[in-house]
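> build me a structure from this.
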Amino acid sequence: MRPVGYYVHHHGMGHWHRAAALARHMRHPVTLIGTVAEPREAPCPVLALPDDAGADPRNGDPAGVPGLHYAPVHHEGMRARGAIMAEWIARERPALMVVDVSVEVAVLSRLLSTPFLYFRLAGTRDDPPHLTAFRAAEALIAPFPDALEDPATPDWMRAKTFHAGFLSGGGAAPLSGGGIVAAFGRGGAGGDASALAAAARAVPDRRWRVLGPVSGSADLPPNLELLGWREDASAILAEADLVIGGGGDGLVAEVAALGKRFLCLPEPRPFDEQGVKARRLAAMGAAVVREEWPQDWTDTIAAALALDPARIAALHDPQAMARTAAFIDGVAARFDAL
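Got it, this is the predicted structure:
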């Protein structure tokens, strides 16, 4: 079998975790490709790319090409990245590229005569660059269940999409009695100590624990613990009576796998990625959603605790990773002999 190249976006850790997990499940040999800013475990070879950030604004608008999201001129990192990927494709002749996510990498792959699958994230992605990648792809992979599809998604896009379901989550057995757990990931702004302290004081009969980065300082009430980064984060979430957090794929997947009541506070993201997902969760009765940091904590927590956790648990598919790996292998197999 010919190899599969898998491009991984470097924002946050979610893209990397699902790429590594899929690589473990796949039959085709996989090489992960992307900017690796820190040591990361990988089950396969990694092709490290130079960073493409830091475009000089004097050299033109980095997004000034209608069909591309990021195309700065005279950027040495961009030149080096393109050369490294082109050399790898010419040498290894991959059957397929998987792109999660970059319109520019997708277009480069196709110009180098290599078919690709493109991850279609949640949100309103009807701009020319996304449409270019979507139309050129062999197929699209949506890392969320079909039930969370935006009703405004065009029929042709739905027909081209493999709904993978959540490609993470399920790391611990669900328990209860752990009070409220607020979780903040690497890709967002993190929590605010003063705001968290005020929330915990507003609901003093509940234990509050916070995972992830928190900025600022405050006098913490006795029912609030700031835990920071924890290797046992999944186990802490498994104990929660209620989880509070953003609408990122990783956390929503974990909450669904554990069947936890969820207060979703979607964070600002390009293309309203978290907002679209959160509104679908709310429409299904799978989460209580607040677009801004709540002020009425007593009523908000009461509403979230009244949720039926079976609603969000129904979104979890324990076979999602294996199904998606098999789908990628199946598409790659079509090109093995070419």
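> need the longest helix for this structure.
helix 76-92 (DSSP state H).
> all strands of the stretch 1-150 of the chain, in order?
4-8, 30-34, 46-48, 96-100, 116-119, 139-142 (DSSP state E, counting those that start in this stretch).
> mind listing what's buried in the third one?
Of the residues in strand 46-48, those with enough neighbours to count as buried (16 or more other C-beta atoms under 10 Å) are 46-47. The way it works is simple: take the backbone N, C-alpha and C, and place the C-beta from them, glycine included.
> check stretch 210-225 too.
Buried residues in stretch 210-225 (16+ other C-beta under 10 Å): 210-212, 214, 220, 223-224.
> pLDDT below threshold where in this protein?
12, 171, 187 (pLDDT under 70).
> domains in it, by residue range?
With domains defined by automatic domain parsing, the chain comprises 4-165+319-333, 180-313.
> out of these, nearest to A172?
domain 180-313 (3.9 Å; C-beta to C-beta).
> using JSON lines, lay out the domains of the chain together with distance to P174.
Output for the domains of the chain, formatted as JSON lines (distance: least, C-beta to C-beta, whole Å):
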{"stretch": "domain 4-165+319-333", "distance to P174": "18"}
{"stretch": "domain 180-313", "distance to P174": "5"}
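> between the ones you listed, which one is closest to A173.
It is, among the domains of the chain and with distance given as C-beta to C-beta, domain 180-313, at 6.2 Å.
> so how far is that closest one off the chain centroid?
17 Å (C-alpha atoms, centre = their mean, to the nearest Å).
> can you check stretch 97-105 too?
14 Å.
> repeat for stretch 15-30
Using C-alpha atoms, centre = their mean, the offset of stretch 15-30 from its chain centre is 15 Å.
> just stretch 328-338 next, same as before
26 Å.
> contacts for that stretch?
1-2, 4, 22, 26-28, 95-96, 98, 115, 117, 138-139, 141 (C-beta atoms under 8 Å, 6 or more residues apart in numbering).
> narrow these to those that are buried.
2, 4, 22, 26, 28, 95-96, 98, 115, 117, 138-139, 141.
> return the member of those residues nearest to L167.
Using C-beta to C-beta, the buried ones among the contacts of stretch 328-338 come closest to L167 at L22, 7.0 Å.
> dump the residue contacts of that closest one.
Applying C-beta under 8 Å, 6+ apart, the residues near L22 are 6, 30, 98, 167, 321, 324-325, 328.
> for these, which one is nearest D249?
Distances from D249 to the contacts of L22, taken as C-beta to C-beta, are shortest for L167 (7.5 Å).
> what about the closest one, is that helix, strand or coil?
Under the three-state scheme (DSSP: H, G, I helix; E, B strand; the rest coil), L167 adopts coil.
> what is the neighbour count of the nearest residue to it once chain neighbours are set aside?
The shortest distance from L167 to any non-neighbouring residue, by C-beta to C-beta, 6 or more residues apart in numbering, is to R18 (4.2 Å). Each residue near R18 was counted by other C-beta atoms under 10 Å, and the total is 24.
> how about the contacts made by R18?
Here R18 is in contact with 100, 143, 167-168, 249 (C-beta under 8 Å, 6+ apart).
> so can I have TSV of these showing distance to A202?
Formatted as TSV, these follow (distance: C-beta to C-beta, whole Å):
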residue	distance to A202
D100	39
P143	35
L167	35
S168	31
D249	29
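> neighbour count and distance to Q274 for these - can I get that in JSON lines?
Output for the contacts of R18, formatted as JSON lines (neighbours: other C-beta atoms under 10 Å; distance: C-beta to C-beta, whole Å):
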{"residue": "D100", "neighbour count": "24", "distance to Q274": "17"}
{"residue": "P143", "neighbour count": "23", "distance to Q274": "13"}
{"residue": "L167", "neighbour count": "25", "distance to Q274": "17"}
{"residue": "S168", "neighbour count": "21", "distance to Q274": "16"}
{"residue": "D249", "neighbour count": "25", "distance to Q274": "9"}
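> what's the closest of those to H69?
For the contacts of R18, the nearest to H69 is D100 (14.4 Å; C-beta to C-beta).
> so how far is H11 from the closest one?
11 Å (C-beta to C-beta, to the nearest Å).
> for E138, same thing?
24 Å.
> the longest helix of the chain to strand 30-34, inter-axis angle?
Note on geometry: by axes from the mean of the first three to the mean of the last three C-alpha atoms, to 10 degrees, helix 76-92 and strand 30-34 are set 170 degrees apart in direction.
> may I see the buried residues of helix 76-92?
Buried residues in helix 76-92 (16+ other C-beta under 10 Å): 77-78, 81-82, 85, 88-89, 92.
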